[in-house]
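1. just need the structure, nothing else, for what follows:
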Amino acid sequence: MQNLISMQLSPSDLQEVDAALETLRRVFAPMIALEPQQRRELTKMGDKSETFCRQTLTVLASNPQIVPPNLGLAEAQADLAVLDALRPRALQLQQLSERATDTMLALGSDLMSVSLEGYGLLKVSGRNEALKDARRALSVRFTRSGRGAAVEEDTPAA
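-> All right, here's what the predicted structure looks like:
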């Protein structure tokens, strides 16, 4: 029998998670959500480009006499500071999200494993009339449509 994970989340644990999520929603409220088209159209900053941006901002800050006021240097410097502050936290959030996703996958797999074994038991030893309707309802999971459809038989044993 498979049992990848056994865990409990107390009501107190869930309250703490909900409070933390509410705090994140409040703090993240100014952040934006881009549409896929917007993402595609934006100029991206990769690793090499980031080095270029940092060096350019440093040179511009060291030579304010060549920087026109409408360039937005101060805003770019503020953007860089927020990026530097946000990046390690976003990485931690991503890691936590991946753990939560993996945990849900493992929990679902454990549930499927037990359910499939249990369904097999119902098919073998649950042939009496009392379980016939339950078996039929559960067999819907295995019904396929289209060419070569395989519908599970539910005929009583002789």
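
2. CA atoms for contacts and neighbours, from now on please.
-> Will do.

3. how about the lowest-mean-pLDDT helix or strand in the chain: buried residues?
-> Within the chain, no helix or strand scores below helix 129-139, which has a mean of 79 by mean pLDDT, DSSP states H and E. For helix 129-139, the buried set under the neighbour-count rule, 16 or more other C-alpha atoms under 10 Å, comprises Lys132, Arg135, Ser139.

4. could you list every helix and strand in contact with the longest helix anywhere in the chain?
-> Secondary structure of the chain per DSSP state H: the longest helix is helix 73-125. Counting contacts by 3 or more C-alpha pairs under 8 Å, 6 or more residues apart in numbering; DSSP states H and E, helix 73-125 packs against helix 47-62, helix 129-139.

5. mind checking pLDDT for Ala81?
-> What the model reports for Ala81 is a pLDDT of 98.

6. report the angle between the least confident helix or strand of the chain and helix 73-125.
-> Helix 129-139 runs at 150 degrees relative to helix 73-125, counting by axes from the mean of the first three to the mean of the last three C-alpha atoms, to 10 degrees.

7. for stretch 1-14, measure first residue to last.
-> End-to-end distance of stretch 1-14 (C-alpha to C-alpha, to the nearest Å): 29 Å.

8. which residues are contacting that stretch?
-> Taking contacts as C-alpha atoms under 8 Å, 6 or more residues apart in numbering, the residues outside stretch 1-14 that touch it are Thr103, Ala106, Leu107, Asp110, Ser113, Val114.

9. report the two of those separated the most.
-> The span of the contacts of stretch 1-14, defined through C-alpha to C-alpha, is set by Thr103 and Val114 at 16.6 Å.

10. let me know the angle separating the longest helix of the chain from helix 47-62.
-> Going by the same axes, to 10 degrees, helix 73-125 makes 150 degrees with helix 47-62.

11. where does Arg141 fall, helix, sheet strand or coil?
-> helix (DSSP: H, G, I helix; E, B strand; the rest coil).

12. pLDDT weak spots in this protein?
-> For the chain, applying pLDDT under 70 flags the ranges 126-127, 129, 146-158.

13. repeat that for 90
-> 1, 119-158 (pLDDT under 90).

14. between the helices and strands packed on helix 73-125, which one is nearest to Leu96?
-> Closest of the helices and strands packed on helix 73-125 to Leu96 is helix 47-62, at 24.0 Å (criterion: C-alpha to C-alpha).
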